[in-house]
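*Asks:* I'd like to go over a predicted model; first the sequence, then the structure.
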Amino acid sequence: MTLHASYAKRCLDALNQHYVELDTARLVVAFYCLSSIDVLDQLGQRIKEKDKDQWKNWIWDQQIPTDYGTGFRPGPSVAVTLGETNHSVKFHPYDLPHTIMTFSAIISLAILGDELSRLDIGGIRKFIGGVQQPDGSFWTIPNFGESDLRSTYSVFALCSLLDCWDAIDADQALTFIRQCRTYEGGYGQRPHTEAQGGTTFCALASLALCPRSPGLSENERKATTRWLVERQVGGFQGRTEKAADACYSFWCGASLKILNADEFADKEANASFLLTCQSKFGGFGKCPGEYPDPYHTYMSFAALSLLPSQSSETESLGVLRPIDPILNATLKTAEHLRRAVHSIKRTL
């Protein structure tokens, strides 16, 4: 197992006290760890089957049916225990599914090779349809939470994977995406906010996923490409005049890939920056000198897979699996996921 895969495996087993604040998002942390092992092509070689089964069962434990539909909660720390005297109550109003966590859970299960036979597709349809707001955006949880392009992307990805576009008002959601576009050519989290690399990816990936999307005009594509290319300062920055951050090598690099404009990225400069973000103990930090974390570790590998360098310095990382830039998963995982969902829907 490579040094970096060992780091991801350690993070799956246990995290130190510095990560306590992420306990309410444990499922997405697991997603980043599993995705790192997946892109490094180490899952089948060194991970024991009993560990895979344990991880799959833990993820399935986060799927919860509610009156609002079915989805996955962020982790057990946000679960609400009803107690032995409340067996007649189907769910607690504060124990709710989350759009981003639901997408992360399904990808994670696909990485582990699960056939998704326990996936409540009908319940997920109800859930994502119920969190859409009049402006076209989506709450992260029913009747509450943030509503920006991150949740829009997660819902669009679920609609694409589960083929349930009729569960939402796609046209109104596309209107919301258009309203998030800025004069620079990037996209903010919500209308009238500053353009960011991550939310620009969410917008472009959503437009690519939706069959009702007209896409960008040629002038819009050029403006967005220019804005993305201007974010490269060795690595990529997330916003104008900010320092480079390893995660934006993926967010901006994948955005350029979606636009078929990745030839404008300086792949060698990007790889050189990312290599300086490595830790000698495994993993990548957000910038040189920072401690590694699961998020920046996976995003660095995903970026290097999408924007491969010809430098011999990257050879020590091994051969990386190719990434689907729209779903942010390896092609192998994306293909398994679509095949599994197709098999489920045939039996419904």
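*Replies:* Alright, I've got the coordinates.
*Asks:* and the helix or strand where Ala203 lies, average pLDDT?
*Replies:* In this assignment (DSSP states H and E), Ala203 forms part of helix 197-209. Helix 197-209 carries an average pLDDT of 98.
*Asks:* How about stretch 253-261?
*Replies:* Across stretch 253-261, the average pLDDT comes to 98.
*Asks:* just checking, what packs against the top helix by length along the chain?
*Replies:* Taking DSSP state H as the criterion, the chain has its longest helix at helix 331-347. On a contact count with 3 or more Cβ pairs under 8 Å, 6 or more residues apart in numbering; DSSP states H and E, helix 331-347 meets helix 99-111, helix 121-130, helix 149-162, strand 323-324. All C-beta atoms are positioned from the backbone trio N, CA, C, and that covers glycine.
*Asks:* Counting by contacts, list what the shortest one packs against.
*Replies:* When contacts are defined as 3+ Cβ pairs under 8 Å, 6+ apart, strand 323-324 packs onto helix 294-306, strand 329-330, helix 331-347.
*Asks:* how about those in a markdown table, adding distance to Gly186?
*Replies:* Shown next, in a markdown table, are the helices and strands packed on strand 323-324 (distance: least, Cβ to Cβ, whole Å):
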| stretch | distance to Gly186 |
| --- | --- |
| helix 294-306 | 18 |
| strand 329-330 | 24 |
| helix 331-347 | 26 |
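*Asks:* Please identify which of those is closest to Thr70.
*Replies:* The closest of the helices and strands packed on strand 323-324 to Thr70 is helix 331-347. By Cβ to Cβ, the value is 13.8 Å.
*Asks:* can you give me the angle that closest one makes with helix 294-306?
*Replies:* Helix 331-347 runs at 100 degrees relative to helix 294-306, counting by axes from the mean of the first three to the mean of the last three Cα atoms, to 10 degrees.
*Asks:* Average pLDDT for helix 331-347, rounded please.
*Replies:* Rounded mean pLDDT across helix 331-347 is 93.
*Asks:* Report the buried residues of it.
*Replies:* Lys332, Thr333, Ala334, His336, Leu337, Arg338, Ala340, Val341, Ile344 (16 or more other Cβ atoms under 10 Å).
*Asks:* With stretch 223-242 instead?
*Replies:* Applying 16+ other Cβ under 10 Å to stretch 223-242 flags Ala223, Thr224, Thr225, Trp227, Leu228, Arg231, Gln232, Gly235, Phe236, Gln237, Gly238 as buried.
*Asks:* For Asp38, see how far away the closest residue to Leu274 other than its chain neighbours is.
*Replies:* With Cβ to Cβ, 6 or more residues apart in numbering as the criterion, Leu274 has its nearest non-adjacent residue at 4.9 Å, and that residue is Ser300. Distance, Ser300 to Asp38, using Cβ to Cβ, to the nearest Å: 14 Å.
*Asks:* ok, those two, which is more surrounded?
*Replies:* The neighbour count for Ser300 versus Asp38, taken as other Cβ atoms under 10 Å, is higher for Ser300 (31 against 26).
*Asks:* What residues does that one make contact with?
*Replies:* Applying Cβ atoms under 8 Å, 6 or more residues apart in numbering, we find Ser300 in contact with Ala246, Cys247, Ser249, Phe250, Leu274, Cys277, Phe284.
*Asks:* how about a cut-off of 10 Å?
*Replies:* Applying Cβ atoms under 10 Å, 6 or more residues apart in numbering to Ser300 gives the contacts 4, 36, 39, 235, 246-247, 249-250, 270-271, 273-275, 277-278, 283-286, 292, 317.
*Asks:* Keep only those of those that are in helices.
*Replies:* Per DSSP H, the contacts of Ser300 map to helices at His4, Ser36, Val39, Ala246, Cys247, Ser249, Phe250, Asn270, Ala271, Phe273, Leu274, Leu275.
*Asks:* Return the closest of those with respect to Ile128.
*Replies:* Phe250 (24.7 Å).
*Asks:* The closest one and Met299 touch, don't they?
*Replies:* Yes. With contact defined as Cβ atoms under 10 Å, Phe250 counts as touching Met299 (4.3 Å).
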